[in-house]
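>>> predicted model follows, preceded by the sequence.
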Amino acid sequence: MAYRNKTIFNPKTLVEIKFLQTANDTNGQLLEMEAGYNAHSNEPAAHYHPYQAEDFTVLSGELTVRIDG
């Protein structure tokens, strides 16, 4: 279960995610999280969110995004 300030780490992908705001904090309106990736890490599995908007803010480094393949 996600909750504010919870951090999870995947030792296989070396990705760390910290939950900043969850549904409980925002009356179901928002899930905000900060994800940390190592340079040249594998891209996440292909996925989409048909009923959600997804926004990214790069805090440091750069982000490459694949759209429509």
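That came through fine. Numbering: from 1, shown residues only.
>>> going forward, measure contacts between C-alpha atoms and count neighbours the same way
Noted.
>>> now do the strands in the protein.
7-10, 15-21, 32-36 (DSSP state E).
>>> angle of the second one against strand 32-36?
It refers to strand 15-21. Put simply, strand 15-21 runs at 160 degrees to strand 32-36, going by axes from the mean of the first three to the mean of the last three CA atoms, to 10 degrees.
>>> how about strand 15-21: buried residues?
Neighbour-count burial for strand 15-21, counted by 16 or more other CA atoms under 10 Å, picks out 15, 17-21.
>>> in its sheet, what does it sit against?
With DSSP bridges as the test, strand 15-21 is paired with strand 7-10 (antiparallel), strand 32-36 (antiparallel).
>>> and it, C-alpha only, in CSV?
The C-alpha coordinates for strand 15-21 follow below in CSV (Å, rounded to 0.1, in the frame of the first residue of the first chain):
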residue,chain,number,x,y,z
VAL,A,15,14.9,2.1,-9.4
GLU,A,16,13.9,3.9,-6.2
ILE,A,17,10.4,5.4,-5.9
LYS,A,18,9.2,7.7,-3.1
PHE,A,19,5.5,8.5,-2.8
LEU,A,20,5.0,12.2,-2.3
GLN,A,21,1.2,12.3,-2.3
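>>> closest to Ala35 out of the buried residues of strand 15-21?
Ile17 (4.4 Å; CA to CA).
>>> let's see the pLDDT reported for the closest residue in space to the closest one that isn't next to it in sequence.
Leaving aside its chain neighbours, Ile17 sits nearest to Ala35 (4.4 Å; criterion: CA to CA, 6 or more residues apart in numbering). Ala35 is assigned a pLDDT of 93 by the prediction.
>>> residues near Ala35, how many?
The local packing of Ala35 (other CA atoms under 10 Å) involves 14 other residues.
>>> so who does it touch?
Each residue near Ala35 by CA atoms under 8 Å, 6 or more residues apart in numbering is listed here: 15-18.
>>> ok, 10 Å please
7-9, 15-19, 58 (CA atoms under 10 Å, 6 or more residues apart in numbering).
>>> now do Thr57
With contacts taken as CA under 10 Å, 6+ apart, Thr57 has the following neighbours: 34, 63.
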